[in-house]
Every structure is written in C-alpha cells, then in structure tokens.
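Engineer: Sharing a sequence plus its predicted fold:
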Amino acid sequence: MKLHFELPWERYALIAEIVKRFQAANFRLGKTALQKMVFLLQRAFGVEIDYQYTLYTYGPYCADVARDLDTVAVFGGAQVLCDLSFGGYVITPGPTNEEIRERSRPFLDGIGSQLDRLVSTFGSFNAKELELRSTIIFLSKPGLLRQDLIRQVFEVKPHFAEATIAQAVGELEALGYVHF
C-alpha cells in the first residue's frame, strides 16, 4: 500500500509570511497573537484558509493553526522561543522562512493587501487586546444588536469591563469589522 498526501503549503506559507511581516514591522508575535491574526485574516478580511475556530480561554482558537506552526518551525520557517521576561512565546523567522513563503508565492501575493491591513490594524495590539477584539468578531453576527453583542462578550469574558468591551466594539464598527 502506497500512502500519498499533499502538504498544505499555502497554510505553512501564510504562517511564515505573518511571522516575517511582524518582524519587518517590529511587532512582537506570540502563539496567542498568531492564532488571532489567522482568525482575523479569515473572518475580518475574508481570506479563506479553511481553519475552523472555536471559542476558547483566550478567544478564538484553532488546533490546526497550532499544529501548522509546529510544522513550520520543524521545517525551519519559524523559531518559537519561550520568553520568560515576556511571559509567553516569541515567534521569529527561521532560516528557511523565505523558502517556505516562496512555495506559495501566488497565494501570498493575492492576499498581500489583506495582510498589509491586518498587520497595520492589529499588529501593535497585545495578546489581551487581541483576545477581546477577536472574541467580539467571533460572536458578532448580522442582526445582532450592539448591546446584545456587548452583553454576550461580557458573559464569556467577564474580566473585561463592559465599557472596555463597548469601546472595542465601537472601534471595530468604525473599521467595518462588525456591523449592526
């Protein structure tokens, strides 16, 4: 019996590209932030990468993104280091980062403007700020009233004050990522 399978190079290239763009913009990228960036790229920017997210402790989470990051790191496209001073991980490009990105260059070029907006809009946020914003986007749906969204977010994230949630909802609405 011969096994045949294809590696999801577009997913690996996307992760390598996000890592590279964060380094180029001088933003810190950790595991939680990477999860949120891929989620936001799909949900807020309409890039279909076929990752399935569920709501987890720190907001939207996808085990496949975590696994694909591990694979990219094994291939040398990223270095994932524990940073005790930061209290988490820091992800930087590895020695084969460019090679992995080049495997799916047409795909990456096709979503370049969305990646630019993703990094410029959300790249400077810390993990907690991304947790809140990605949770808001995860829970938002057409026809949901603003106050109902704020209440739902508060129910799953009671460590955020309702005023903080409302402010973030307003920011995301102004940017066009949630609609009422």
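Structural biologist: Sure, I can see it.

Engineer: Check whether Leu115 really touches Leu40, as I assumed.
Structural biologist: No. Counting by Cβ atoms under 8 Å, Leu40 is not a contact partner of Leu115; they are 10.8 Å apart. Heads up, the C-betas are built off the backbone N, CA and C, glycines and all.

Engineer: what's the offset of the helix ranked longest in the chain from the middle of its chain?
Structural biologist: When the chain is parsed with DSSP state H, its longest helix is helix 9-24. Mean-position distance between helix 9-24 and its chain equals 11 Å (Cα atoms, centre = their mean, to the nearest Å).

Engineer: follow-up on the earlier one: look at Leu115 and Leu40 and report which has more neighbours.
Structural biologist: Leu40 (23 against 20; other Cβ atoms under 10 Å).

Engineer: who's in contact with Ala16?
Structural biologist: Val72, Gly77, Ala78, Pro93, Asn97, Ile100, Arg101 (Cβ atoms under 8 Å, 6 or more residues apart in numbering).

Engineer: What about those, which are in strands?
Structural biologist: Those of the contacts of Ala16 mapping onto strands are Ala78, Pro93, per DSSP state E.

Engineer: Please produce JSON lines containing the contacts of Ala16, extended by neighbour count and distance to Lys20.
Structural biologist: Output for those, formatted as JSON lines (neighbours: other Cβ atoms under 10 Å; distance: Cβ to Cβ, whole Å):
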{"residue": "Val72", "neighbour count": "25", "distance to Lys20": "11"}
{"residue": "Gly77", "neighbour count": "26", "distance to Lys20": "9"}
{"residue": "Ala78", "neighbour count": "27", "distance to Lys20": "9"}
{"residue": "Pro93", "neighbour count": "21", "distance to Lys20": "5"}
{"residue": "Asn97", "neighbour count": "23", "distance to Lys20": "6"}
{"residue": "Ile100", "neighbour count": "25", "distance to Lys20": "10"}
{"residue": "Arg101", "neighbour count": "22", "distance to Lys20": "7"}
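
Engineer: Dump the contacts of Ala16 into JSON lines; add distance to Thr57 and pLDDT as well.
Structural biologist: As requested, the contacts of Ala16 are arranged in JSON lines below (distance: Cβ to Cβ, whole Å; pLDDT from 0 to 100):
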{"residue": "Val72", "distance to Thr57": "23", "pLDDT": "98"}
{"residue": "Gly77", "distance to Thr57": "27", "pLDDT": "98"}
{"residue": "Ala78", "distance to Thr57": "23", "pLDDT": "98"}
{"residue": "Pro93", "distance to Thr57": "28", "pLDDT": "98"}
{"residue": "Asn97", "distance to Thr57": "29", "pLDDT": "98"}
{"residue": "Ile100", "distance to Thr57": "29", "pLDDT": "98"}
{"residue": "Arg101", "distance to Thr57": "31", "pLDDT": "98"}
